[in-house]
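Chemist: What follows is a predicted protein model with its sequence.
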Amino acid sequence: MTVTRDLRITSFEALSAPAELRAELPLGEEKEEFVAASRRAVRDILAGDDDRLLLVIGPCSVHDPEAALDYARRLAAATRGMEDALCVVMRVYFEKPRTTIGWKGLINDPDIDGGHDVRRGLHLARTVLLDVLGTGLPVGCEFLEPTSPQYIADAVTWGAIGARTPESQVHRQLTSGLSMPVGFKNATDGDVQVAIDGVHAAAHPQVFFGIDDEGRAAVVSTKGNPDCHIILRGGRGGPNYDVDSVGDALALLRKAQRPERLIVDASHGNSGKDHVRQAAVVRELAARIAEGEEGIAGLMVESFIVPGRQEPGPREGLTYGQSITDSCVGWDETERLLDVLAAAARSRRASKS
Ligand SMILES: O=C[C@H](O)[C@H](O)COP(=O)(O)O
Ligand SMILES: C=C(OP(=O)(O)O)C(=O)O
């Protein structure tokens, strides 16, 4: 007999249902209210109804829950007193899209050893989210696997669709059902229009394949997500955070009849993944914001405890607090950048009055 199915699949491993994980690690009423309020704040900033600067900041990826929590505590303490100027959302990224192959994040491979204990990864990710929320910081995640949000998205204030997926129908559909504001990055080749098209598609109701709360295959119908925006992250042709590139992107938004507000990612294609350059980009952007540049609603910064990056590997052999994906600004420089950004947001406000 000729077999034609599953010829290249080596195993299926059932996962627990999203409802089970949530019951085991509940968000709780206080955190629920906090997530809802912080989503409203982010939405107001993106709509231009709140003149603070949105700052999505944190490690490129979470690989060590203890270091992520250490970072969260530092960030929460350092930004206390800046609430009038900054709305800070910590990057707590568990899913890493790769250019080719590589470690795909804490959910996919929590022990960074190729063991791919996804069940443990999901549990760990949800635990980290609850712990970070416990420090008083809202959380931002990239959504990559189309079914993972069912397990964690109730704890997430802001979401991203990365540069490798803004044109993906699967990710646009997924975003149409997400409960938080979501940023679409420009594509890795620098194309901004695909991100605007993503925002447009995600704003509409969609019907697609997914899973329900019990983990069963399901047809998912959504209302559409009106709270989406674009993120300029540079591309193969170079950076796109300069005045002209931001102006071009705002003009495309105007043409698409979208609010002329966007986020600029100081990392990735805007810094050539160089953390020293990234800090310089943040300072350049801060100077423009201080002078009154209105279209920049927020910034994304990749920051961790120890500057730079290291090669991934089992946790025991790693330098504590240093990224195992993209290079990050270190903690001392992060503190300086927080001051610069808070001052910039206050100057922008003053320039308007
Ligand atoms: O932010 C992380 C990386 O830029 C992205 O996941 C791609 O990484 P890679 O080019 O090293 O695979
Ligand atoms: C993967 C990321 O960025 P990009 O999609 O812009 O490469 C990221 O922000 O972690």
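Modeler: That came through fine. Numbering: from 1, shown residues only. Ligands and ions are numbered 1, 2, ... in the order given.
Chemist: Next, R349: secondary structure please.
Modeler: Recorded secondary structure, R349: helix (DSSP: H, G, I helix; E, B strand; the rest coil).
Chemist: Once you drop chain neighbours, what's closest to L338?
Modeler: If you skip the residues right next to it in sequence, L338 has A78 as its closest partner in space, 5.6 Å away by Cβ to Cβ, 6 or more residues apart in numbering. C-beta here means a position set from N, CA and C on the backbone, and glycine is covered the same way.
Chemist: Run a quick neighbour tally on the one you found.
Modeler: Applying other Cβ atoms under 10 Å, we find 15 other residues in the vicinity of A78.
Chemist: What residues does it make contact with?
Modeler: Neighbouring residues of A78 by Cβ atoms under 8 Å, 6 or more residues apart in numbering: T334, E335, L338.
Chemist: That one and R309, how far apart?
Modeler: The spacing between A78 and R309, counted by Cβ to Cβ, to the nearest Å, is 22 Å.
Chemist: Isn't R254 up against L262?
Modeler: No: under the contact definition of Cβ atoms under 8 Å, R254 does not touch L262, with a separation of 11.6 Å.
Chemist: Have a look at those two and say which one is more surrounded.
Modeler: The residue with more neighbours, out of R254 and L262 and counting by other Cβ under 10 Å, is L262; that gives 25 against 11.
Chemist: Which residue is the nearest non-sequential neighbour of that one?
Modeler: I230 (5.0 Å).
Chemist: Quick one: residues contacting that neighbour.
Modeler: When contacts are counted by Cβ under 8 Å, 6+ apart, I230 touches G183, F184, K185, N186, V192, A195, I196, V199, A249, L253, L262, I263.
Chemist: Put together CSV for these, with pLDDT on each row.
Modeler: Formatted as CSV, the entries for the contacts of I230 read as follows, by pLDDT from 0 to 100:
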residue, pLDDT
G183, 99
F184, 99
K185, 99
N186, 99
V192, 98
A195, 98
I196, 98
V199, 98
A249, 98
L253, 98
L262, 98
I263, 99
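Chemist: helix, strand or coil for V194?
Modeler: Applying three-state DSSP to V194 yields a three-state assignment of helix.
Chemist: how many other residues sit next to it?
Modeler: Counted by other Cβ under 10 Å, the residues lying close to V194 total 19.
Chemist: any idea how far ligand 2 is from it?
Modeler: Per Cβ to the nearest ligand atom, to the nearest Å, V194 is found 12 Å from ligand 2.
Chemist: so that residue touches A187, yeah?
Modeler: Yes: using Cβ under 8 Å, V194 is in contact with A187, at 5.0 Å.
Chemist: Can you give me the distance of the closest residue to V281 other than its chain neighbours to V329?
Modeler: Residue nearest to V281 in three dimensions, not counting chain neighbours: A266, with 4.2 Å by Cβ to Cβ, 6+ apart. As defined by Cβ to Cβ, A266 lies at a distance of 9 Å from V329.
Chemist: With neighbour numbers in mind, choose between these two.
Modeler: A side-by-side neighbour count of A266 and V329, using other Cβ under 10 Å, places A266 first with 30 against 25.
Chemist: can you tell me which residues contact the more buried one?
Modeler: Contact partners of A266, counting by Cβ under 8 Å, 6+ apart, are Y241, Q278, V281, V282, L285, L299, M300, V301, E302.
Chemist: In contact with the last one, which residues are there?
Modeler: To tie it back to what came earlier, the one meant is E302. 57-60, 91, 266-267, 275, 278, 323, 326-329.
Chemist: Among those residues, which ones lie close to ligand 2?
Modeler: Restricting the contacts of E302 to those near ligand 2 by Cβ under 6 Å from any ligand atom leaves C60.
Chemist: of all the contacts of E302, which comes closest to G295?
Modeler: A266 (15.5 Å; Cβ to Cβ).
Chemist: Would you list the phi and psi of the closest one?
Modeler: For A266, the backbone dihedrals (degrees, to the nearest 10) come out as phi -80, psi -10.
Chemist: G247 - nearest residue in space that isn't next to it in sequence?
Modeler: G295 is the one closest to G247 (Cβ to Cβ, 6+ apart), at 7.8 Å.
Chemist: Check R346 too.
Modeler: Take R346 and drop its neighbours on the chain: the residue closest to it by Cβ to Cβ, 6+ apart is A85, 5.0 Å away.
Chemist: Quickly note the distance from that neighbour to G308.
Modeler: Using Cβ to Cβ, we find A85 at a distance of 28 Å from G308.
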